[in-house]
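Engineer: Have a look at this prediction, sequence included:
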Amino acid sequence: MYRRFGVLLAAVLGVTLGVAAPATADGSGHSRPGSFPTEFSLPDGWQPEGIAISGTTAYFGSRADGSIYAADLRTGRGKVLAKGPGTPSLGLKVDSRKRLWVAGGVGGDARVYDARSGALLAKFQFATADTFVNDVVLTEKSAWFTDSRKALLYEVPLSLEPHRTLALTGDLVITPGATNLNGIVTGLDGGLIVVQSNTGKLFGVDPRSGKTAEINLNGQTLTNGDGLLREGRQLYVVQNRLNKVARYTLSRDGATLAAERTDARFDVPTTVAAFGKRLYLPNARFTTPPTPETTYNVVAVERP
């Protein structure tokens, strides 16, 4: 079970980063002067998926071409920080050295950018076929990436040394062709936690052996589980097509549903990042056919 695993602390976020004007998308949230908008736009046609926040700057990857957009949470305004390679940018995290780590989806890769200049610092090619590198979490020493098509995790040292592939065993069963492993976070007492979107199951992972153990959800199922965020014992799970974010309390015996939140502004949110008392979620709009003119936005809600 989950209690079998020891702790890896995340070394993420925590650095203020300014975003230069002019903006390519204006904040659309209406609030009193001096307060942050609770909703703002991304560029038309962007097709967002991941989000990472460092200081008051939020970063968003594009599923369309892998470009990176940086927006100021104080205004909602932002700019394209880096042009993409033509393959997606999905899960994102920023480390303490102001580097942005990006999961590359069907590109089968990970990329590392300078979060201030947008310069590409490194690229790691994990796979070239039947791959979907979906999300990333940072620990004290490594970046760990999920692949939604494979019973694998990819580990990249923060020193940017060559990556290793960790084969997963135990309770996890992969369904060919489905979206399997998705969001990933560090665990409480030893390792990593991953969600399997197609089954709605949650697993603990031993990062040394690759052994997985299903976490008891006490009768719940994380249908369409996507991005994860852990704050202490509280685990936030975005359930994308359900337009919902759920909060579970972790313990030695599993995870218990504590609260849920939906919002009329949700339109298939995928991932989540926190700032102050708020959670920020990009609307991926999976049920809306994407065009260059399709609008996309980010919604902020209070924690459930």
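Structural biologist: Sure thing, it's come through. Remember, it's a predicted structure, so these values are computed and weren't measured experimentally.
Engineer: Quick one: end-to-end length of stretch 274-289, please.
Structural biologist: Stretch 274-289 stretches 29 Å from its first residue to its last (CA to CA, to the nearest Å).
Engineer: Check which residues of that stretch are buried.
Structural biologist: For stretch 274-289, the neighbour count (16 or more other CB atoms under 10 Å) marks F275, R278, L279, Y280, L281, P282, N283, A284, R285, F286 as buried. (Glycine included, C-beta is placed from N, CA and C.)
Engineer: now do stretch 115-132
Structural biologist: Residues of stretch 115-132 classed as buried: A115, R116, G118, F124, F126, A127, T131, F132 (neighbour count, 16+ other CB under 10 Å).
Engineer: Okay, and which of those residues map to helices?
Structural biologist: Of the buried residues of stretch 115-132, none are assigned to helices by DSSP state H.
Engineer: So which of those are in strands?
Structural biologist: Among the buried residues of stretch 115-132, the subset assigned to strands under DSSP state E consists of F124.
Engineer: Which residues are in contact with the residue positioned nearest the centre of the chain?
Structural biologist: The residue lying closest to the centre of the chain (CA atoms, centre = their mean) is G91, at 4.1 Å. Neighbouring residues of G91 by CB atoms under 8 Å, 6 or more residues apart in numbering: 49-50, 61, 102-103, 134-136, 145-146, 183-184, 227, 271.
Engineer: ok, so of those, who is nearest S96?
Structural biologist: The nearest member of these to S96, counting by CB to CB, is V136 at 15.1 Å.
Engineer: how distant is the helix or strand where that closest one lies from the center of its chain?
Structural biologist: Element membership of V136 [criterion: DSSP states H and E] is strand 133-138. With CA atoms, centre = their mean, to the nearest Å as the basis, strand 133-138 stands 7 Å off its chain's centre.
Engineer: quick one: buried residues of that strand?
Structural biologist: Neighbour-count burial for strand 133-138, counted by 16+ other CB under 10 Å, picks out V133, N134, D135, V136, V137, L138.
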